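> sequence plus the predicted model coming up.
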Amino acid sequence: MKNINPTQTEAWKKLEEHYNNNQGLNLKQAFKDNSNRAQEFTTIFEDFYVDFSKNLWDSTTKDLLVQLARETHLDEAIEAYFSGKPINATEGRSVLHTALRAQQAHEGAQQFVDAAVTSKQKMFEFVDKVISGEFKTASGAAFDTVVNIGIGGSDLGPVMITEALQAYKNHLNLHFVSNVEGDHVEEVLKTINPSTTLFVIVSKSFGTQETLSNATTIRNWFTQQVNQDAVGTHFIAVSSNINRAVDFGIEEENIFPMFDWVGGRFSLWSTVGMSIALSVGTHNFQQLLDGASQMDEHFKTASFENNIPVQLALLTIWYNNFYKAQSEAVIPYTQYLHRLPAYLQQAIMESNGKTIDRNGSRVNYETGNIVWGEPGTNSQHAFFQLIHQGSKLIPAHFIAFAKAKYQHQDHHNKLMANFIAQTEALMNGKTKEEAFDDLKTAGKNQDEIEFLLPYKVFEGNKPTTTLLIDELTPASLGKLIAMYEHKIFTEGVIWNIYSYDQWGVELGKVLADAVLQDIENGSTGQHDASTQQILSRFYQFQ
Ligand SMILES: O=P(O)(O)OC[C@H]1O[C@](O)(CO)[C@@H](O)[C@@H]1O
């Protein structure tokens with residue numbers, strides 16, 4: 001991949017100029033000036049309808065942003081990404097989650113696709129047997145419960161997808177244990193019958209403190225409740241560290257390998273998706289992969305101007321680097337996607353929260369945006385006040401599905417009305433005159449109107465992107481997640497950073513180990529005064 005400081009490109013300079021001259025872009029006016037705006041800024045790809053027109057850009061902005069993508073050689077980077085070049089340079093690895101779902105191998109990626117197919121087949125055979133009851137518990141019964149033990153990418157993807165596909169779930173009860181918190185473990189153990197539970201330990205490294213502590217506690221509990229001999233049948237592992245998994249007591253045939261060319265936060269398509277496949281079946285898991293693969297093809301082949309992930313990334317850069325927006329909201333108008341923001345927080349912030357560029361120098365521009373959100377309409381009754389009337393610019397993605405899963409059309413109409421009305425309200429706002437008329441109609445007197453008027457005005461001009469998808473299915477969900485993965489990739493290329501390592505999480509892990517030693521010795525150690533004081537306070541309650 002080329003090593004280009006984006007701020008040194010022609011496009012960047014022109015974008016700065018363009019921003020300074022066009023800061024005042026008014027969306028309402030832009031729609032008046034261009035009767036074709038909605039159509040011009042909407043991209044339709046299969047069941048995805050993405051309306052970018054309520055964003056603070058015009059055709060010049062878009063052209064310049066596309067020029068930026070070209071000057072930073074996004075096209076070559078895409079080729080390097082799909083063909084398996086070691087673009088995760090600081091770890092010396094390829095980045096090939098796309099090979100896990102490829103219907104046809106990209107040139108250069110055949111061996112990766114072959115390995116992915118073999119590992120998927122092993123997983124599918126196992127999953128089919130568990131679901132059908134052919135793979136039996138130690139006492140010869142069918143499994144009825146699955147507990148996924150993992151954290152970060154070994155948890156968030158499976159949780160998010162299985163929540164999203166609740167309507168597709170089979171008879172298996174599913175639980176997740178992630179936090180290194182005995183209370184979290186206990187709350188799950190309270191509800192399950194160990195004799196009919198399959199424990200899936202998911203850890204790429206098989207060295208993560210949280211996962212190993214939880215797995216050890218659960219194995220000890222299981223041994224007491226059932227017996228030691230049953231561990232081999234009831235515990236399986238997903239890991240790239242086979243030796244450690246074997247040392248833990250997992251039968252080698254029950255270890256499902258992961259590849260070092262798949263990053264944890266992009267691994268739900270691999271054997272890390274074991275709990276997903278167990279929960280919704282192999283057919284639906286395959287649909288998820290196929291949907292993602294279709295988005296991969298779109299990303300690889302569509303022109304940048306009509307490319308959904310590329311446009312999303314360019315807008316993020318536009319807001320982040322020129323408007324200086326700090327964050328982006330993702331608001332899914334479906335409860336099924338309630339874990340999407342949490343999932344995206346890891347995917348986006350662990351990937352692009354970097355300050356060192358591909359040249360080893362500190363960047364002199366902003367990278368890595370903050371992402372947050374909650375399902376609508378709940379979020380409307382929580383943080384929308386800040387989006388509507390706060391002083392911060394929060395570009396937002398509004399995601400909805402045109403068709404509901406169940407026949408509650410009255411509910412769905414209301415949900416969709418809110419989904420549509422909010423983006424309109426955020427754009428249009430409410431003028432002083434309109435607010436004045438409302439107060440008058442409400443019967444307020446002159447003094448009351450004078451006092452209340454400023455509070456009732458909505459500035460509007462708040463940018464949103466509308467993603468309207470036909471229906472929430474495994475395939476459309478696969479497309480949606482792949483879309484965000486490619487958005488992350490595109491941003492990383494343009495920001496000239498390495499998106500696929502995560503050195504920033506290491507320091508906290510090391511310090512936690514040091515503090516743990518102090519806690520185990522009951523000492524306040526060699527820490528700063530604040531830390532020592534906190535430790536003392538903690539000891540008071542032990
Ligand atoms: O699967 P593992 O190796 O247990 O790692 C879990 C998570 O820890 C991290 O390495 C750091 O938080 C993530 O990238 C990863 O998803």
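In hand now; what should we look at? Numbering: from 1, shown residues only.

> let me see the domain layout of this structure.
The chain breaks down by automatic domain parsing into domains covering 10-71+302-428+463-495, 97-286, 505-539.

> buried stuff in the shortest one?
Neighbour-count burial for domain 505-539, counted by 16 or more other CB atoms under 10 Å, picks out 518-519, 524, 527, 535. No exception for glycine: its C-beta is placed from N, CA and C like everyone else's.

> so which of the domains of the chain is nearest the ligand?
Closest to the ligand of the domains of the chain is domain 97-286 (CB to the nearest ligand atom; 2.6 Å).

> report whether the closest one contacts the ligand.
Yes - residues of domain 97-286 contacting the ligand under CB under 6 Å from any ligand atom: 151-154, 203-205, 208, 211, 264-265.

> of all the residues you listed, which two lie farthest apart?
Farthest-apart pair in these is 211 and 265; separation 15.0 Å (CB to CB).

> just to revisit the earlier point, using a markdown table, lay out the residues of domain 97-286 next to the ligand together with secondary structure and pLDDT.
Converted to a markdown table, the residues of domain 97-286 next to the ligand look like this (DSSP: H, G, I helix; E, B strand; the rest coil; pLDDT from 0 to 100):
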| residue | secondary structure | pLDDT |
| --- | --- | --- |
| 151 | coil | 97 |
| 152 | helix | 97 |
| 153 | helix | 97 |
| 154 | helix | 97 |
| 203 | coil | 96 |
| 204 | coil | 93 |
| 205 | coil | 92 |
| 208 | coil | 94 |
| 211 | helix | 97 |
| 264 | helix | 97 |
| 265 | helix | 98 |
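
> give me the contacts around the host helix or strand of residue 147.
Element membership for residue 147, per DSSP states H and E: strand 145-149. Applying CB atoms under 8 Å, 6 or more residues apart in numbering, the contact partners of strand 145-149 are 130, 155, 158-159, 172-178, 188, 192-193, 196-202, 211, 214-215, 218, 274-275, 278-279.

> of these, grab the buried ones for ChimeraX.
This is the ChimeraX syntax for the buried subset of the contacts of strand 145-149, where burial follows 16+ other CB under 10 Å:
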select :130,155,158,159,172,173,174,175,176,177,178,188,192,196,197,198,199,200,201,202,211,214,215,218,274,275,278,279
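
> inside helices: which ones of the contacts of strand 145-149?
Counting by DSSP state H, the part of these found in helices is 130, 158-159, 188, 211, 214-215, 218, 274-275, 278-279.

> tell me the one of those nearest residue 443?
Using CB to CB, those come closest to residue 443 at residue 159, 50.1 Å.

> wait, that closest one sits on residue 339?
Yes - between residue 159 and residue 339 there is a contact under CB atoms under 8 Å: 5.4 Å.

> with adjacent residues omitted, what lies nearest to residue 242?
Spatial nearest neighbour of residue 242, excluding adjacent residues (CB to CB, 6 or more residues apart in numbering): residue 255 at 5.5 Å.

> residue 119 versus that neighbour, what's the distance?
Remark: distance between residue 255 and residue 119 (CB to CB, to the nearest Å) = 11 Å.

> neighbour-wise, which of the two wins?
residue 255 (24 against 18; other CB atoms under 10 Å).

> list phi and psi for the more buried one.
phi -110, psi 120 (degrees, to the nearest 10).

> which ones are touching the closest residue to residue 41 other than its chain neighbours?
The spatially closest residue to residue 41, leaving aside those adjacent along the chain, is residue 53, at 3.7 Å (CB to CB, 6+ apart). Counting by CB under 8 Å, 6+ apart, residue 53 makes contact with 31, 37-38, 40-42.

> go again using 10 Å as the cut-off
By CB atoms under 10 Å, 6 or more residues apart in numbering, the residues touching residue 53 are 27, 30-31, 34, 36-42, 427, 464-466.

> of these, which is the nearest to residue 58?
The closest of those to residue 58 turns out to be residue 30 (CB to CB; 6.4 Å).

> so that closest one is in which element?
For residue 30, the enclosing helix or strand under DSSP H and E is helix 27-33.

> over to residue 134?
Per DSSP H and E, there is no helix or strand for residue 134.

> same thing with the one 4 residues further on?
Here residue 138, judged by DSSP H and E, is contained in no helix and no strand.

> count the residues that sit near it.
Residue 138 has 16 nearby residues by other CB under 10 Å.

> what sits closest to it if chain neighbours are left out?
The shortest distance from residue 138 to any non-neighbouring residue, by CB to CB, 6+ apart, is to residue 230 (3.5 Å).

> what does that neighbour show for phi and psi?
According to degrees, to the nearest 10, residue 230 has phi -80, psi -10.

> surely it and residue 140 touch.
No - at 11.2 Å, residue 230 does not count as touching residue 140 under the criterion of CB atoms under 10 Å.

> with neighbour numbers in mind, choose between those two.
Applying other CB under 10 Å to residue 230 and residue 140 shows that residue 230 carries more neighbours, namely 17 against 6.

> all strands of the chain, in order?
Using DSSP state E, the strands of the chain run over residues 42-45, 48-51, 145-149, 173-177, 197-202, 235-239, 255-257, 327-332, 370-372, 396-403, 464-471.

> rebuild the ones you listed as a markdown table, extending it with mean pLDDT.
Listed next are these as a markdown table, based on pLDDT from 0 to 100:
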| stretch | mean pLDDT |
| --- | --- |
| strand 42-45 | 98 |
| strand 48-51 | 98 |
| strand 145-149 | 98 |
| strand 173-177 | 98 |
| strand 197-202 | 98 |
| strand 235-239 | 98 |
| strand 255-257 | 97 |
| strand 327-332 | 98 |
| strand 370-372 | 98 |
| strand 396-403 | 98 |
| strand 464-471 | 98 |
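
> please tabulate those in a markdown table and include distance to residue 286 as additional columns.
As requested, those are arranged in a markdown table below (distance: least, CB to CB, whole Å):
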| stretch | distance to residue 286 |
| --- | --- |
| strand 42-45 | 21 |
| strand 48-51 | 20 |
| strand 145-149 | 19 |
| strand 173-177 | 19 |
| strand 197-202 | 19 |
| strand 235-239 | 18 |
| strand 255-257 | 16 |
| strand 327-332 | 24 |
| strand 370-372 | 29 |
| strand 396-403 | 21 |
| strand 464-471 | 18 |
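
> can you check which of these gets nearest to residue 304?
strand 42-45 (11.1 Å).

> residues contacting residue 180?
Contacts of residue 180 (CB under 10 Å, 6+ apart): 151, 208-214, 217, 512.

> go with 7 Å
209-210, 213-214 (CB atoms under 7 Å, 6 or more residues apart in numbering).

> now, of these, which are buried?
The neighbour count (16+ other CB under 10 Å) marks 210, 214 as buried among the contacts of residue 180.

> from the contacts of residue 180, which two are the most distant?
Among those, 209 and 214 lie farthest apart (CB to CB), at 9.5 Å.

> mean confidence for stretch 355-369?
Averaged across stretch 355-369, the pLDDT comes to 96.

> can you check stretch 119-127 too?
Per-residue scores along stretch 119-127 average to 98.

> run the chain-centre distance for that stretch.
25 Å (CA atoms, centre = their mean, to the nearest Å).

> list the buried ones in it?
For stretch 119-127, the neighbour count (16+ other CB under 10 Å) marks 119-120, 123-124, 126-127 as buried.

> with stretch 450-470 instead?
By 16+ other CB under 10 Å, the buried positions in stretch 450-470 come out as 452, 456-458, 460-469.

> would a markdown table of these with distance to residue 438 be doable?
A markdown table is the format used below for these (distance: CB to CB, whole Å):
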| residue | distance to residue 438 |
| --- | --- |
| 452 | 10 |
| 456 | 7 |
| 457 | 10 |
| 458 | 11 |
| 460 | 15 |
| 461 | 20 |
| 462 | 19 |
| 463 | 25 |
| 464 | 23 |
| 465 | 29 |
| 466 | 26 |
| 467 | 31 |
| 468 | 30 |
| 469 | 35 |
